[in-house]
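[1] A structural model of the following input is requested.
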Amino acid sequence: MPELLDWRTALHPGRVAIEVHGVAALTFAEWSAGAIAVAAALRRRGLRHGDRVGLLFGARDWTRFAVAYCGVLRAGGVAVPLSDRLAAGQLEYALTHCAATAVVYGDDTPA
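    As a prediction, the model looks like this:
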């Protein structure tokens with residue numbers, strides 16, 4: 001996925017890649033730059049290849065989710081999408097069950 005994003009960014013950096021009507025839009029260049037920033041932040045925090053990272057975003061945060069998802073993959077991690085509608089106990093179970101070493105959520109992600 002990161003390679004595909006790089007390819008599209010090289011072809012059409014200013015073209016809108018993702019848009020949530022009335023909420024946010026990302027060009028390929030913005031998406032790529034955000035993913036690179038997320039990957040760098042995760043590596044600085046000690047993410048290792050194969051580590052699982054929970055992604056906790058709401059429906060209106062789709063653009064930030066996409067940035068985080070690609071950032072986790074770029075860093076060599078495994079993205080684990082989680083619903084923001086989970087109860088605290090369910091969220092704790094999911095993170096424990098998948099052995100997540102980090103969680104990225106909402107405003108925690110550059111976009």
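[2] middle-most residue in the chain, spatially?
    By CA atoms, centre = their mean, the chain has its centre lying nearest to Ala68, at 1.3 Å.
[3] ok, that residue touching Gly77?
    No - Ala68 is not in contact with Gly77 according to CB atoms under 8 Å; the separation is 10.3 Å. No exception for glycine: its C-beta is placed from N, CA and C like everyone else's.
[4] Tell me who's in contact with the residue nearest to the centre of the chain.
    Ala68 makes contacts with Val38, Leu55, Phe57, Ala79, Val104, Thr109, as judged by CB atoms under 8 Å, 6 or more residues apart in numbering.
[5] my read is it is in a helix, agree?
    Yes - Ala68: assigned to a helix according to DSSP: H, G, I helix; E, B strand; the rest coil.
[6] Show the model's pLDDT score for the residue of the chain most remote from its centre.
    Centroid-distance maximum for the chain: Gly89 at 22.9 Å, with CA atoms, centre = their mean. pLDDT recorded at Gly89 is 96.
[7] so where is this protein shaky, pLDDT-wise?
    Residues of the chain meeting the criterion pLDDT under 70: 107-111.
[8] if you set the cut-off to 80 instead, what comes out?
    Scanning the chain for pLDDT under 80 picks out 106-111.
[9] which stretches of it form strands?
    Along the chain, counting by DSSP state E, strands occupy 16-20, 24-27, 52-57, 78-83, 100-105.
[10] Counting by contacts, list what the first one packs against.
    Packing contacts for strand 16-20, counted by 3 or more CB pairs under 8 Å, 6 or more residues apart in numbering; DSSP states H and E, involve strand 24-27, helix 28-44, helix 62-74.
[11] how about the ones you listed, which one is nearest Met1?
    Closest approach to Met1 among the helices and strands packed on strand 16-20 is made by helix 62-74 (5.2 Å; CB to CB).
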